[in-house]
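[1] I'd like to go over a predicted model; first the sequence, then the structure.
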Amino acid sequence: MNPSADALERHFGSAIRRVTESCGDTIVYVELGRLREILAWLKDTPDQAYIYLVDVTAVEYREPERPLEVVYELFAFSRKVGLRVKAELPKDQPLEVDSMVPLWAGANWLEREVYDMFGITFRGHPDLRRILMWETYAEGYPLRKDFPLRGRFSRSEQVRQALNANPEAHYSLEELGIAESYQELPADMRGRLARGERGQIAEPKGGA
Amino acid sequence: MAEKRTLDVALGTTGVDERGLPVTVPLGFEVPDAGAVEEAPEVGGEHMLLNMGPQHPATHGVLRLVVELDGEVVIRVIPHVGYLHSGFEKLGEYRHYNQIVPLTDRMDYLAPMANNVCLAMAAEKLMGIAITERCKVLRVIACEISRIISHLVWLGTTGIDIGAITPFLWMFQEREKFYNLQEAWTGARLTTSLTRVGGLMADIPDGFEDGLRATCRSLLGVMAEVDRVLTRNGVWVGRTQGIGVLTAEEATNMSMSGAMLRASGVDYDVRKDRPYLDYETYDFEVPIGEHGDVYDRYLVRFEEVLQSVRILDQALDRLPDGPINVADHRVILPPKHAAMTDMESMIHHFKQVMEGVPAPVGEAYFSLESPKGELGYYFVSDGTAKPVRWRVRPPAFINLSALSKMAQGHLLSDLIAINASVDIVMGEVDR
């Protein structure tokens, strides 16, 4: 068992929900609302010094009533130990968690991937866009258990959508707003850009 | 606005001045009268948006970069990934642990054997299986051959990106010899599927050890030649030094791993810091850079190839005899002849093929030092033969996320060198 688990329980008390061990790895379940505070403490406290964020991911179990989990895999260079911190997200509440980009810049793409694959929103993320799927992908979140292995839409529907995709599927709004091209954008696109909206792009209408 | 440079062009026909230097005249417009200063035409006020890829030879696969340029200076890079997304993690949730092995071939396809080993080790950690001594050494050999192959491709293609064609030919010639060995061992050049949970798909063939030793010797000769051609080459040094710098703090904070992290001076190698496969008993050095630029990444990877040869020598020296698979036939398929003649073996065979090998409830994260960096597989099991979650910690994906930061303020042509220095393989980035 990693001694950091005891230190966390002493320091944060009831915010540490439970500590378990599996295959030699120590896993600490923490309160969702205090996740960033706890990870910041683990990173900045000198005798913890988990300065390296190895991975960010999420887990959804096959039992539909079990909550989703966000998983932070940490490593301390100085002591050569790893720690896994988890927080549970009940499915009846909005899937939201604080972004760790202020602590680790490396969380940027990792959290984007979790958002892309599980639909978990990271509050305070500077650029929360889909990353592996395209930005106008409309089928949902592929790694959720209710997402069928073959996808939701037929091949012909996917082809139709791809052929009808508007430019926002290929460029992010920021890119479209760069320099001289901004004035040439359609008015509705400029409006969305000015309001900073994302992910509410209307489906293209009709056939090609 | 930054002050504009005047473009001076030497024209041979205008003669020389009293010092013997060619007289230069400003290109384009008349020299204005003194006093009546004409306003220079505004040319640098607008930024250009340049789309690079996804089909671009210097993006090493299907990476697309949208680049904002001020003249030739990169203001911002926005990478778009996902063109090769195959949903491997989702597919893994519908497969037995051994059936995931072929998926791992197709992720880092420049080092498939290292991926196979990582998958088997992660599943073995989850199931609590201890592998045999011979299997450990053979897996070390597989990992180090992968590292050499991957670094050879990296060195060759990076050379091409920066304008040196010759190393590419040498590197691919050497890589071919390792590929022949790999093919003799696994039957495939690319999709090796070498490992099984609890062992290996096959033992090494006759003559493999001598072949590997001879190939390593010839590799060292070629590496010495590349060293002579590149390491002190003025063009190479000029194109790579001081380009794409990441400090140690930045590299750590951005979760870099592998050569990207070590070139910045952070001493973190999974082989040393979380030893697996008895790496702590091998005698090898981990090269560490100082400046964190493209040149240091080249030096680090170059030295890693030489250290891999050292490890291979030691592994071949100590390679013990014995079985390559664990004796437990609930995990490893019994031999074919036993399955056909012996009732118990047949039951084991049937249960493994039809039901798979169940893993206990729990989860395991296992990582190893792949050629690209820290490759980690994270399994969550609910007690069935298929994982609830199979997560890949993709080193190339995370290393690529630093591209925007590294390229800012450099020239467009340096962006190519920086992108090459990340050593991406899009199969792994997009998964």
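    That came through fine.
[2] burial measure for B:Ser404, as a count.
    Other residues within reach of B:Ser404, judged by other C-beta atoms under 10 Å in any protein chain shown, total 16. The way it works is simple: take the backbone N, C-alpha and C, and place the C-beta from them, glycine included.
[3] Is it correct that it falls within a helix?
    Yes: looking at B:Ser404 with DSSP: H, G, I helix; E, B strand; the rest coil, it is inside a helix.
[4] now the residue lying closest to B:Thr104 once chain neighbours are set aside, what's its secondary structure?
    Closest residue to B:Thr104 apart from its sequence neighbours, by C-beta to C-beta, 6 or more residues apart in numbering or on different chains: B:Asn115 at 3.9 Å. Applying three-state DSSP to B:Asn115 yields a three-state assignment of helix.
[5] What does the pLDDT read for B:Asn115?
    Note on B:Asn115: pLDDT of 93.
[6] Not counting its neighbours along the chain, what's nearest whichever residue of the stretch 51-200 of chain B sits closest to chain A?
    Evaluated by C-beta to the nearest C-beta, the stretch 51-200 of chain B has B:Gly82 as its residue closest to chain A, separated by 3.9 Å. Using C-beta to C-beta, 6+ apart and skipping the chain neighbours, the partner closest in space to B:Gly82 is A:Leu132 (3.9 Å).
[7] so the one you found touches A:Val114, yeah?
    No: contact criterion C-beta atoms under 8 Å: A:Leu132 and A:Val114 do not qualify, at 10.9 Å.
[8] any idea which element A:Glu73 lies in?
    Using DSSP states H and E, A:Glu73 maps to strand A:68-76.
[9] Now do that strand: which elements does it pack against?
    Helices and strands touching strand A:68-76, by 3 or more C-beta pairs under 8 Å, 6 or more residues apart in numbering or on different chains; DSSP states H and E, are helix A:35-44, strand A:52-59, strand A:81-89, strand B:373-381.
[10] Let's see that with 6 Å instead.
    strand A:52-59, strand A:81-89 (3 or more C-beta pairs under 6 Å, 6 or more residues apart in numbering or on different chains; DSSP states H and E).
[11] nearest to chain B, of those strands?
    Here strand A:52-59 is closest among the helices and strands packed on strand A:68-76 (C-beta to the nearest C-beta), at 4.4 Å.
[12] show me the contacts for the residue nearest to B:Thr104.
    B:104, B:107-108 (C-beta atoms under 6 Å, 6 or more residues apart in numbering or on different chains).
[13] any idea how far A:Tyr52 is from it?
    For B:Asn115, the distance to A:Tyr52 equals 22 Å [C-beta to C-beta, to the nearest Å].
[14] neighbours around B:Leu333, how many?
    18.
[15] quick check, it in a strand?
    No: counting by three-state DSSP, B:Leu333 is located in no strand; its state is coil.
[16] Now do the SS call for the nearest residue to A:Ala5 once chain neighbours are set aside.
    Counting by C-beta to C-beta, 6+ apart, A:Ala5 lies nearest to A:Val19, which is 4.5 Å off, once chain neighbours are set aside. In the three-state summary, A:Val19 is assigned as strand, counting by three-state DSSP.
[17] For A:Val19, give the beta-bridge partners.
    Residues in a beta bridge with A:Val19, per DSSP bridges, are A:Val28.
[18] Can you report how many residues lie near it?
    Applying other C-beta under 10 Å, we find 17 residues neighbouring A:Val19.
[19] can you map out the helices along the stretch 51-200 of chain B?
    For the stretch 51-200 of chain B, helices defined by DSSP state H, counting those that start in this stretch occupy the ranges B:88-92, B:97-105, B:112-127, B:133-162, B:166-186.
[20] Can you check the pLDDT for B:Pro32?
    Taking B:Pro32 on its own, its pLDDT is 50.
[21] one step back: which of the helices and strands packed on strand A:68-76 is buried the deepest?
    Ranked by mean neighbour count under mean count of other C-beta atoms under 10 Å in any protein chain shown, the helices and strands packed on strand A:68-76 are led by strand A:52-59, which reaches a mean of 24.
[22] quick one: average pLDDT of it?
    93.
[23] Pull that strand out as PDB, backbone CA atoms only.
    This file holds the C-alpha atoms of strand A:52-59, laid out as PDB (Å, rounded to 0.1, in the frame of the first residue of the first chain):
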ATOM      1  CA  TYR A  52       4.300  13.600 -13.400                       C
ATOM      2  CA  LEU A  53       0.800  13.000 -14.700                       C
ATOM      3  CA  VAL A  54       1.000   9.700 -16.500                       C
ATOM      4  CA  ASP A  55      -2.500   9.300 -17.800                       C
ATOM      5  CA  VAL A  56      -6.100  10.600 -17.600                       C
ATOM      6  CA  THR A  57      -8.900   8.300 -18.500                       C
ATOM      7  CA  ALA A  58     -12.400   7.100 -17.600                       C
ATOM      8  CA  VAL A  59     -14.100   3.800 -16.900                       C
END
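[24] Next to chain B, which bits of chain A? Give me the list.
    For chain A, the contact set with chain B under C-beta under 6 Å from any C-beta of the partner chain comprises A:22-23, A:25, A:51-53, A:55, A:57, A:59, A:61-62, A:77, A:80, A:104-106, A:109, A:132, A:142-143, A:149, A:175, A:178-180.
[25] Skipping adjacent residues, who's closest to A:Phe147 in space?
    In space, A:Phe147 is closest to A:Gly140, 5.6 Å off (C-beta to C-beta, 6+ apart).
[26] For the one you found, give me phi and psi.
    When read as degrees, to the nearest 10, the backbone of A:Gly140 gives phi 120, psi -150.
[27] Report how many residues lie close to A:Glu184.
    By other C-beta under 10 Å, the residues close to A:Glu184 number 9.
[28] which residues does it contact?
    Here A:Glu184 is in contact with no residues (criterion: C-beta under 6 Å, 6+ apart).
[29] That one and B:Arg76, how far apart?
    A:Glu184 sits at a distance of 19 Å from B:Arg76 (criterion: C-beta to C-beta).
[30] Give me the next element, helix or strand, following the longest helix anywhere in chain A.
    Criterion DSSP state H: the longest helix present in chain A is helix A:107-118. The helix or strand immediately downstream of helix A:107-118 is strand A:121-123, counting by DSSP H and E.
[31] hang on, the earlier thing: which of the helices of the stretch 51-200 of chain B is buried the deepest?
    helix B:112-127 (a mean of 26).
[32] what about the residue nearest to A:Phe147, how many neighbours?
    If you count neighbours by other C-beta under 10 Å, A:Gly140 ends up with 13.
[33] Quick check, pLDDT for residue 204.
    No chain specified, so I'll use chain A. What the model reports as pLDDT for A:Pro204 is 46.
[34] oops, I was thinking of chain B
    On the pLDDT scale, B:Ile204 gets 91.
[35] Check the secondary structure at it for me.
    B:Ile204 ends up coil, using three-state DSSP.
[36] Contacts only, for it.
    Contact partners of B:Ile204, counting by C-beta under 6 Å, 6+ apart, are B:Trp185.
[37] Repeat that for B:Gly159.
    B:167-168.
[38] Retrieve the pLDDT associated with it.
    Here, the pLDDT recorded for B:Gly159 equals 90.
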